[in-house]
Structure formats: structure tokens, C-alpha cells
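> structural data only, the sequence is not supplied:
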């Protein structure tokens, strides 16, 4: 009797295990990519999730010692009450519904701008795909903006439009994923930092190499700290990338030109690919502070940082061998536009290997293209300086725009 019971119990357990195993999902916490489990994105993490829950509880009439939830986890200007710029919204209206241009309700510059955009769209419609790199006319005008900003030429072919700067940052970091090497690629990121970087580095299986900003010196970036971080990282990683956020996020500092030169020399010395997150370049308010783009400073520093071949200087042969490689990023989510939900951004490459650029464009082609309306909002940075009805500039950065 005892043996019969044991045999029955064994069969029941086997049946239970078979049923349990057959009911398990193909993808579960045991089979999922482990990098997805370990990555953390504080901007949308547990605290934010709890904040949303509290908002819903308040809406249902729950009694709390507060009446509302203020979210300070992310720079979302319109969510905090900033008004959209009328010109942008009028152009978006006309691009989405061209018939609105026929009844005279919109200013002539809005009509001109909208028609220019539609001429660059397939079938003259914002509902058509663009090239994976973006609408050509918009890339052209973005390059004109960069040229005017820096005083150095920008080739439109080096500009790629994307769904916010975040998409471009992730795409560039994706280039450094290697599976055929013993060491992960190390990516140097500032601490404190915008969590996009640590989250993406973890998700892609790269190595996070933190360097600390100097709080007592207005969150400056010190060469000694860069050297310490880099040298320590080599024990574990093959460090290839240096990410710099200027103006800082979340620290808000604006790097001086001298500080930028130091960073460029450090990256050049160690042959690091430089990623310059410059999305807050129009949010500079401190007295005496001035934004300098990394591309502009590299150009002003001279040939040794820009050439790959040997060059003669004052009858002396200088063997260069390495030139600075740079990817710089901008977005409509910040600055005076604050159009976070439009998802408009770009990356400009400087000195990228031509063969790598071909492969980069192949990689992003799998996503077809970024949203057309996001690309349209990106073009505003050029037209803001051209059309009088968009904005009246004042001497004070905080008051750049008077809404019409």
C-alpha cells in the first residue's frame, strides 16, 4: 500500500511539473535578456510610478495630506505650464492639413514655411515616410543653423534627424557593442548624470565608467578625475567613449572654453570617441556664462585635432595619426521650445569614419524614419532667426520670446 501511494505521488508530481512547464511563458524573468532586468532608468523609475499611483488615488477622492503631486523628475516644460510657441503649432497644423493654408487665417511666413516642408515630403504629404536620415530640406537648414552658431561649415550629410536626442544617443552607443572581445567597451559618463546614459550602457552590455564632477568648483570637470577614472577602468574595460553633458544635466553648469579644451586634449590623448550632449545650449542664464560647442572648440584648436595624415607646420613634420571623432546632440525638448512630446532631435557627426557612417545609416534604416512632425519642429531652430512673426528677441535670455 505504501509503495502504491509513493508511486501515485510521484506520478502526480510529474504531472504537476509537466503542466507547470507547459503553462510557462516563452519569455519570462528567467529567460529574458538579463540586461533588461539590471538596467535602471531613474527618470521613469519606482518613485515616478508611485507618483502616478498617488495622482490616480487623488482623482478618485482619496484623502491625502496634500492636494496634488509635483513631478520634478524630468525636464518637461509644457507639462509644467510653458506655452507652446504659436508659430510651431500653426506650421504643424498646416503641414498636417494643407487646406488650412487656403483661407488666409495664417501669416505668410507660416504658409511659406509649411509649403517648403511639404515640397520635401514624399507625395507632398506629412503622412509619407522620409529618408532614414531625415527630410533633406530640414537637414540642410539644421546644418545652416550649426554653421551660423559655430562659424565653421557643417555638411548636411553629417546631420541625421531622430526621435529626440535620446534616440541618436542610443544609436551611437549601439555602435560600440562588441561580442568578439574579452573586455566590454567602457563608456565614461559624468556623475551626477542624466540616467539615459547609465540605463543604455547597462542595456547594451557596455561598461559604465563614472567620473565625478567637482561640486565645490561649480560642478566642473577636472582633468585629474578624468585620468583617474580612465586608468582605473582599464582593469576591467576597453574604454573607448567619453560622454560629456554641457550644459550639465542635472547639475546645470556651463563648461568654460578652457575646460572644454582640457577635455578635448584628454580625449585626443587617449583616443576616445567624444559624445557631446548639448541639448541645453539655449538654457544659459548665469551672468558671464557662455555656451561653446565642442565642434567649434575642436576647430579653433587647430589641425592636430582634425587631420589624420602627416602635416607640415613651420617646416616641421607633425605625425598626427589620430583626429578627434565627435558626435554632438541637440533636441527640441529643451531650450526655448520645450516640445518634448514632438520627439525631434539630431546628431551631427564630425570626423566619423566614412565606412562606419555607411553602416550607421544601414542600422537606423531598420526603423524607417523618425516622426515627420518631430522633424518639422526641429527645423524651427533655423527659421527662428529668419522670420519676424515667430519671435522678438530681447537682450535677456529668460525673455527670448514674446508670444504673438
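Noted; the coordinates are in hand. Computed from a prediction, not measured in an experiment: that's the story for all the values here.

> and for residue 48, the neighbour number?
15 (other C-beta atoms under 10 Å). C-beta: built from backbone N, CA, C; applies to glycine.

> is it true that it touches residue 73?
Yes. Residue 48 sits in contact with residue 73 when judged by C-beta atoms under 8 Å, with a separation of 5.3 Å.

> so, low pLDDT: which residues of the protein?
1-23, 27, 29, 31-45, 303-322, 380-404 (pLDDT under 70).

> who are the packing partners of the helix or strand hosting residue 115?
Using DSSP states H and E, residue 115 falls within helix 108-119. Secondary-structure packing of helix 108-119 (3 or more C-beta pairs under 8 Å, 6 or more residues apart in numbering; DSSP states H and E): helix 86-96, helix 136-150.

> between these, which one is nearest to residue 323?
Ranking the helices and strands packed on helix 108-119 by distance to residue 323, with C-beta to C-beta as the measure, places helix 136-150 first at 17.3 Å.

> what about the strands in the stretch 201-350 of the chain?
Under the criterion DSSP state E, counting those that start in this stretch, the stretch 201-350 of the chain contains strands at 207-212, 238-245, 273-277, 311-313, 316-318, 326-331, 345-350.

> any chance of these in CSV, plus distance to residue 195?
Compiled in CSV, those are given as follows (distance: least, C-beta to C-beta, whole Å):
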stretch, distance to residue 195
strand 207-212, 11
strand 238-245, 12
strand 273-277, 13
strand 311-313, 42
strand 316-318, 41
strand 326-331, 16
strand 345-350, 17
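
> what residues does residue 329 make contact with?
165, 168, 169, 275, 276, 277, 278, 279, 345, 346, 347 (C-beta atoms under 8 Å, 6 or more residues apart in numbering).

> isn't residue 95 up against residue 374?
No. Residue 95 is beyond contact range of residue 374, at 11.8 Å (criterion: C-beta under 8 Å).

> so between those two, which is more surrounded?
Here residue 95 and residue 374 are compared on neighbour count by other C-beta under 10 Å; more neighbours surround residue 374, at 24 against 21.

> can I take it that that one is in a helix?
Yes. Assessed with DSSP: H, G, I helix; E, B strand; the rest coil, residue 374 lies in a helix.

> residue 246 touches residue 260, doesn't it?
Yes. Counting by C-beta under 8 Å, residue 246 does reach residue 260; the two are 7.4 Å apart.

> shared neighbours, those two?
In contact with both residue 246 and residue 260: residue 294, using C-beta under 8 Å, 6+ apart.

> what about these two, which has more around it?
Neighbours were counted for residue 246 and for residue 260 using other C-beta under 10 Å; residue 246 has more, 24 against 21.

> contacts only, for the nearest residue to residue 185 once chain neighbours are set aside.
With sequence-adjacent residues excluded and distances taken as C-beta to C-beta, 6 or more residues apart in numbering, residue 185 is closest to residue 176, at 4.3 Å. Neighbour list for residue 176: 185, 187, 204, 206, 240, 241, 273 [criterion: C-beta under 8 Å, 6+ apart].

> one more time with 7 Å, if that's ok
With contacts defined as C-beta atoms under 7 Å, 6 or more residues apart in numbering, residue 176 is in contact with 185, 206, 240, 241.

> I'd say residue 338 and residue 77 touch.
Yes. Counting by C-beta atoms under 7 Å, residue 338 touches residue 77, with 2.9 Å between them.

> so which of the two has more stuff around it?
residue 338 (21 against 17).

> who's in contact with the more buried one?
Counting by C-beta under 7 Å, 6+ apart, residue 338 has contacts 77, 78, 82.

> relative to residue 280, how far out is the nearest residue to the last one once chain neighbours are set aside?
Once flanking residues are discounted, residue 82 sits nearest to residue 338: 5.0 Å by C-beta to C-beta, 6+ apart. The gap separating residue 338 from residue 280 is 11 Å, by C-beta to C-beta, to the nearest Å.

> with residue 266 instead?
Applying C-beta to C-beta to residue 266 and residue 280 gives a distance of 22 Å.

> the two: who's more crowded?
The residue with more neighbours, out of residue 266 and residue 280 and counting by other C-beta under 10 Å, is residue 280; that gives 21 against 18.

> was I right about that one contacting residue 252?
No. The pair residue 280 and residue 252 fails to qualify as a contact (C-beta under 7 Å) at a distance of 8.1 Å.

> the protein: helices as residue ranges?
Listed in chain order, the helices found in the chain under DSSP state H are 2-23, 34-38, 46-59, 86-96, 108-119, 136-150, 164-174, 196-203, 223-233, 257-269, 294-301, 354-365, 372-378, 380-383.
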